[in-house]
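1. sequence first, then the predicted structure, then my questions.
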There are 2 protein chains.
Amino acid sequence: MQLNQATDYAFRAVLYLTRFGSEEVVNAQVIAEKEEIPMRFLLKIMRSLIKAGIVKSYRGVDGGYSLAKPPQDITLLDVLEAVEGPVKINRCLIEPEYCSKKWANHCPIHQVLNGIQSNLLNDLASCNFAQLTENI
Amino acid sequence: MQLNQATDYAFRAVLYLTRFGSEEVVNAQVIAEKEEIPMRFLLKIMRSLIKAGIVKSYRGVDGGYSLAKPPQDITLLDVLEAVEGPVKINRCLIEPEYCSKKWANHCPIHQVLNGIQSNLLNDLASCNFAQLTENI
DNA sequence: TTTAATGTATACTATATTTGTCTGGTTTTA
DNA sequence: TAAAACCAGACAAATATAGTATACATTAAA
């Protein structure tokens, strides 16, 4: 029931990029040093964020990264799902075959967890990176 | 960001016991078969639930388990924490030294995650096993 | 009082996941 | 063309998960 380290790094990397304009490019080494993220691991994480359309990358000399859209359009949920894939606090919520009882939607636990997960997703989706930078 | 299998099994085991009176003892094999939980694994999980005061055990012939308190006093959170330990959606929320930036409470991400976690704990704590059995 | 049916305790193991690293590219600018 | 960046995928170590095994303790009933 825990976010993984990669997600935590991703939050910080995106938050860092938020400080710069969408046109300003920051290279991986700077992000890695400032946010204390292992460089190679950061590169890998960034690729997930690119695939999700959260950041853009620029290759070659003076290359680096910048946000692919305004920070108010990037939520914690966006970043989380980019790194970890879809949230499912219980496997059965997405893969009913994993409930060995095959109760699927009739299972009362399933139903409650479903509601709890909805709230969680809602909370994560209602926090964007423009808000986050307001009170740094 | 996922409950583990043991927790899922624990939910089902407690839900199963809820069907029986507090004085009625159900043995592990019955629970394991009915809820399709690997027997030995169930025994291990039950010990966590015992330590947390959620179930009682009876040894010897005709031994087994029963709830240690009324189902309305057992929440999803109780069971979850009995099995997995305290919830921390991000390590930094409990162990600040894990934030390599040492921002601790000044970190805006930390603050937001803290709020999200509070909501989650609240949701988990507001669902008890008496409610869960109402609509089986 | 012995025996069988239980749970207890702890160590062990296999697998999956996490958290990276490594090697060898490709792209871009000067 | 050379250097500075990122890309892609394989690899690897550490940790966590999901169970299993062995030996033991307790209890009820014959």
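-> Received it, and whenever you're ready, just let me know what you need.
2. isn't residue A:77 up against residue A:117?
-> No: checked against CB atoms under 8 Å, the pair residue A:77 and residue A:117 is beyond contact range at 11.7 Å. (C-beta placed from N, C-alpha, C; glycine too.)
3. what do the two both touch?
-> Jointly contacting residue A:77 and residue A:117 under the rule CB atoms under 8 Å, 6 or more residues apart in numbering or on different chains are residue A:87.
4. identify the residues contacting the residue nearest the centre of chain A.
-> When CA atoms, centre = their mean is applied to chain A, the residue found nearest the centroid is residue A:79 (1.6 Å). Shown in contact with residue A:79 (CB under 8 Å, 6+ apart): A:7, A:10-11, A:14, A:49, A:52, A:54.
5. among those residues, which are in reach of DNA strand D?
-> With the criterion set as CB under 7 Å from any atom of the strand, no member of the contacts of residue A:79 is near DNA strand D.
6. hey, C-alpha coordinates of the helix ranked longest in chain A in PDB?
-> The helix spanning the most residues in chain A, taking DSSP state H as the definition, is helix A:108-125. Below are the C-alpha coordinates for helix A:108-125, written out as PDB (Å, rounded to 0.1, in the frame of the first residue of the first chain):
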ATOM      1  CA  PRO A 108     -19.000  -6.800  -0.500                       C
ATOM      2  CA  ILE A 109     -15.300  -6.200   0.100                       C
ATOM      3  CA  HIS A 110     -14.800  -5.600  -3.600                       C
ATOM      4  CA  GLN A 111     -17.600  -3.000  -3.500                       C
ATOM      5  CA  VAL A 112     -16.200  -1.100  -0.600                       C
ATOM      6  CA  LEU A 113     -12.700  -1.200  -1.900                       C
ATOM      7  CA  ASN A 114     -14.000   0.100  -5.200                       C
ATOM      8  CA  GLY A 115     -15.400   3.100  -3.500                       C
ATOM      9  CA  ILE A 116     -12.300   3.700  -1.500                       C
ATOM     10  CA  GLN A 117     -10.200   3.500  -4.600                       C
ATOM     11  CA  SER A 118     -12.500   6.000  -6.300                       C
ATOM     12  CA  ASN A 119     -11.900   8.500  -3.500                       C
ATOM     13  CA  LEU A 120      -8.200   8.000  -3.700                       C
ATOM     14  CA  LEU A 121      -8.100   8.500  -7.500                       C
ATOM     15  CA  ASN A 122     -10.200  11.600  -7.000                       C
ATOM     16  CA  ASP A 123      -7.800  13.000  -4.400                       C
ATOM     17  CA  LEU A 124      -4.800  12.300  -6.600                       C
ATOM     18  CA  ALA A 125      -6.400  13.700  -9.600                       C
END
